[in-house]
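# need coordinates for the following:
(chains A and B)
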Amino acid sequence: MASTDISASPGLALPPLTEEDTVRSWDRSRVHDARRHNKRWYLLWLLVGPGILAMLGENDGPSMIAYASDGAQYGLGFFVPFIGVLFAMAFVCQEMCMRVGAVTHRGYGELVLQRFGRLWGWFGAGDLTLTNLVTLVGEFVSIRVGLAYFHLGSGVAVALGLTLVVFTLSGGRYWRWERIVLGMALFNGLFLLAAILVKPHLGAVVSSFDFTPFPGGSFNTLLLLLASTIGATVTPWMIFFQQSASADKGMTPDDVKHGRYDTAIGAVLAAIFGIGALIAGAALLTHNGAGIQGFAGAGFPEALKHVSGPAAGTVFALGLIEAGAVAILTISASTAYAAGECVGVSHSFNSSPRDALVFYAANVGVALLAAAVILIPGAPLLSIALNANVLATVLLPVSLVFMVMLANDRGLMGSWVNRRSTNAIGITVIAFVGLCGAAYGIDSFLLTVHIIGS
Amino acid sequence: MKTEALVTNDAHQSNPIQEQDPHAQERLKDQLIMDLERDQIVAETNRPVPRASLGAYATAGLWALRVFVVLVSLMVIYTFIDQLH
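Here you go, the predicted structure:
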């Protein structure tokens, strides 16, 4: 909501303060100090975080294997520029989340619930929990795949993932959690290193920007590629996460410009690293890469090792572990924010576990649940992980519609409402995502029940 | 926009500075709280925002989208289960 200027209402008593307020004010004092003394780079350092984490968090294990799989099956053409376009779309959506969070100081879940009613709020939280749980299973699978390269099993993957969740929660401050995860997220650059190690032909990379050749195969395969690649770039958890994290960080309308820098840096880094995974995967194109279908690409690091040497395989495997680990932290956090906001209790990393029990319990609980699934013998883990992106794409339009509605709500946003151009792009993104997701869902269903032939 | 007023409250009992000079504690606390906007204080964000009034077309559109998304999700889940066999 538009900020209340305390000097304009001198008789207004200040509300009681909590530990969360005090902790947040420490962070804010550094921001004000940097702004007062015109320390531009330090100010940027203080204010980056939610945007980079949302974007690099979405460069998760299933997404990176989806990109690499695209490269292995179809080469660089079409997908290099397509990934760029998708992250530009993601920037538009995430900028809205950041702006609404900074202006209203509230998370996405609580705003939908309070502004449009409990039913819509709980629907949104339900969508989020379902997609997050499925995606988290994919993240543990990704860690397991990476660790398998080093001859380590599922137990180690589960222990690593859960230890990280508990460790990062133990700081008691949003700032500390953000910096730890940010430090880990930068290792997403391992995929760029993997791309360099496979020694791609630079001319082929540059010439791929003309969107050709268009991927061949059946109509359903094309829809699957589009839906899963979109789901690898924009998802419901990113919307919940960035708005809530921006509010938890204590961002204000004065910080929106830096929030845009943060989101843009995240989008550019994520696009570069995603294209890195695609290029690494494309090294397998002329080595029977077409035989690597979707998550059957679990053998990617091994395959890369044989084609491009052990260094490329090792870096790709480490990248998968990093991508899965960071996503476990950010996706669990988005679930925790949504749970706290919908139940109406404290939902901040700046609160202690005693004061924000639901928040911390949801954070650990959803990770525990996903970890339990991957320990079930014979569970169809690879199929679950492959379908996570598609399910996210199908459910995304609802979250995006509410996001656009909130960003246009003058009662909440005041002068910070969307511009017409932002609305035009936002509506185009919703239509595109909705069409791709729905087309794949309907076409696959009709094929499955044999109403149409392949 | 910042809360540039003195603040008194009893919500900081666990703060280590509490054990020092009470006036110094108050000054430090005031200084810290000055860096927050009034409407980002937890007590303020706990107050729900007023409900928006959606028109009939908007409500119908949201319901149509919700039903459509649920149906397509069920199709995706059915296809997923079928592919497992």
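
# which parts of the helix ranked longest in chain B are buried?
Scanning chain B for the longest helix, with DSSP state H as the assignment, gives helix B:56-84. By neighbour count, with 16 or more other Cβ atoms under 10 Å in any protein chain shown as the criterion, the buried positions of helix B:56-84 are B:62, B:65-66, B:68-69, B:72-73, B:75-77, B:79-80. Bear in mind the C-beta positions are built from the backbone N, C-alpha and C, glycine included.

# show me what it is packed up against.
Here helix B:56-84 is seen to pack against helix A:381-407, helix A:420-448 when contacts are counted using 3 or more Cβ pairs under 8 Å, 6 or more residues apart in numbering or on different chains; DSSP states H and E.

# could you see whether chain B lies near the last one?
Yes - judged by Cβ under 8 Å from any Cβ of the partner chain, helix A:420-448 and chain B are in contact via A:437-438, A:440-442, A:444-445, A:447-448.

# quick check, distance from the helix or strand hosting A:Ile196 to the centre of its chain.
Remark: A:Ile196 resides in helix A:190-197, with elements defined by DSSP states H and E. Chain-centre distance of helix A:190-197: 21 Å, with Cα atoms, centre = their mean, to the nearest Å.

# in it, which residues are buried?
Neighbour-count burial for helix A:190-197, counted by 16+ other Cβ under 10 Å, picks out A:190-195, A:197.

# cool, stretch A:253-268 as well?
Going by neighbour count (16+ other Cβ under 10 Å), the buried part of stretch A:253-268 is A:253, A:255-256, A:258-260, A:262-268.

# tell me which of those is nearest to chain B?
Closest approach between the buried residues of stretch A:253-268 and chain B, by Cβ to the nearest Cβ: A:Pro253, at 8.2 Å.

# where's the residue nearest to that closest one when sequence neighbours are not counted, which helix or strand?
In this structure, A:Pro253 finds its nearest non-sequential neighbour in A:Val103, 5.3 Å apart by Cβ to Cβ, 6 or more residues apart in numbering or on different chains. Assigned by DSSP H and E, A:Val103 belongs to helix A:79-104.

# before we move on, what about A:Leu17?
Counting by DSSP H and E, A:Leu17 is part of no helix or strand.

# surely it is in contact with B:Ile41?
Yes - using Cβ atoms under 8 Å, A:Leu17 is in contact with B:Ile41, at 6.5 Å.

# and A:His450, which of the three is it?
Classification of A:His450 using DSSP: H, G, I helix; E, B strand; the rest coil returns coil.

# give me the low-pLDDT residue ranges for chain B?
Per-residue confidence of chain B (counting by pLDDT under 70) places the weak regions at B:1-22, B:25-29, B:31-32.

# domain assignment for it?
B:1-49, B:52-85 (automatic domain parsing).

# A:Phe150 is in contact with A:Gly313, isn't it?
No - between A:Phe150 and A:Gly313 there is no contact, the gap being 10.5 Å when judged by Cβ under 8 Å.

# show me where chain A has its strands.
Per DSSP state E, chain A has no strands. Nothing in it meets that criterion.

# write out the residues of the stretch 351-454 of chain A neighbouring chain B.
A:380, A:383, A:387, A:390-391, A:394-395, A:397-398, A:401, A:409, A:411-412, A:437-438, A:440-442, A:444-445, A:447-448.

# I should have written the stretch 101-250 of chain A there, sorry.
Among all residues of the stretch 101-250 of chain A, those adjacent to chain B (criterion: Cβ under 8 Å from any Cβ) are A:104-106, A:111, A:114-117, A:120, A:123, A:247, A:250.

# export those as CSV, with columns for distance to A:Gly276, pLDDT and neighbour count.
Listed next are these as CSV, based on distance: Cβ to Cβ, whole Å; pLDDT from 0 to 100; neighbours: other Cβ atoms under 10 Å in any protein chain shown:
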residue, distance to A:Gly276, pLDDT, neighbour count
A:Thr104, 36, 96, 29
A:His105, 36, 96, 24
A:Arg106, 36, 95, 26
A:Leu111, 36, 95, 28
A:Gln114, 41, 94, 20
A:Arg115, 40, 95, 23
A:Phe116, 40, 93, 22
A:Gly117, 43, 91, 15
A:Trp120, 39, 90, 19
A:Phe123, 37, 88, 22
A:Ala247, 32, 96, 31
A:Gly250, 33, 95, 27
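
# any idea how far the lowest-mean-pLDDT helix or strand in chain A is from the chain center?
Every helix and strand of chain A was ranked by mean pLDDT, DSSP states H and E. The lowest is helix A:219-231, at a mean of 78. Distance, stretch centre to chain centre, for helix A:219-231: 18 Å (Cα atoms, centre = their mean).

# measure A:Leu222 to chain B for me?
16 Å (Cβ to the nearest Cβ, to the nearest Å).

# neighbours of the residue nearest to A:Phe300 when sequence neighbours are not counted, how many?
Once flanking residues are discounted, A:Phe300 sits nearest to A:Ala68: 5.7 Å by Cβ to Cβ, 6+ apart. By the measure other Cβ atoms under 10 Å in any protein chain shown, the count of residues near A:Ala68 is 33.

# what's A:Leu284 sitting at in phi/psi?
According to degrees, to the nearest 10, the main-chain angles of A:Leu284 amount to phi -90, psi 0.

# then B:Glu37?
Summarising the backbone geometry of B:Glu37 under the convention degrees, to the nearest 10, its torsions are phi -80, psi 150.

# show me where the stretch 251-400 of chain A has helices.
Remark: helices of the stretch 251-400 of chain A, listed N- to C-terminal, are A:256-282, A:300-308, A:310-343, A:357-374, A:381-407; assignment by DSSP state H, counting those that start in this stretch.

# could you measure from the residue lying closest to A:Ile272 once chain neighbours are set aside over to A:Ala157?
With Cβ to Cβ, 6+ apart as the criterion, A:Ile272 has its nearest non-adjacent residue at 6.1 Å, and that residue is A:Leu192. Between A:Leu192 and A:Ala157 the distance, using Cβ to Cβ, to the nearest Å, works out to 24 Å.

# A:Ala439 now?
Note on A:Ala439: its distance to A:Ala157, by Cβ to Cβ, is 35 Å.

# what of A:Tyr174?
Here A:Tyr174 is placed at a distance of 27 Å from A:Ala157 (Cβ to Cβ).

# equivalent analysis for A:Met55, please.
24 Å.

# do the same with A:Ser444
Plainly put, A:Ser444 is 30 Å away from A:Ala157 if you go by Cβ to Cβ.

# which of these two has more neighbours?
Looking at A:Ser444 and A:Ala157 with other Cβ under 10 Å, you find the greater number of neighbours at A:Ala157, namely 26 against 23.

# which residues touch the more buried one?
With Cβ atoms under 8 Å, 6 or more residues apart in numbering or on different chains as the criterion, the residues that contact A:Ala157 are A:140, A:143-144, A:147, A:374.

# cool, A:Thr229 as well?
Residues counted as contacts of A:Thr229 (Cβ under 8 Å, 6+ apart) are A:66-67, A:70, A:79, A:82-83, A:86, A:389.

# which of the residues you listed lies closest to A:Arg30?
A:Leu86 (34.5 Å; Cβ to Cβ).

# residue ranges with poor pLDDT in the stretch 251-400 of chain A?
For the stretch 251-400 of chain A, counting by pLDDT under 70, the residues that fall below are A:286-298.
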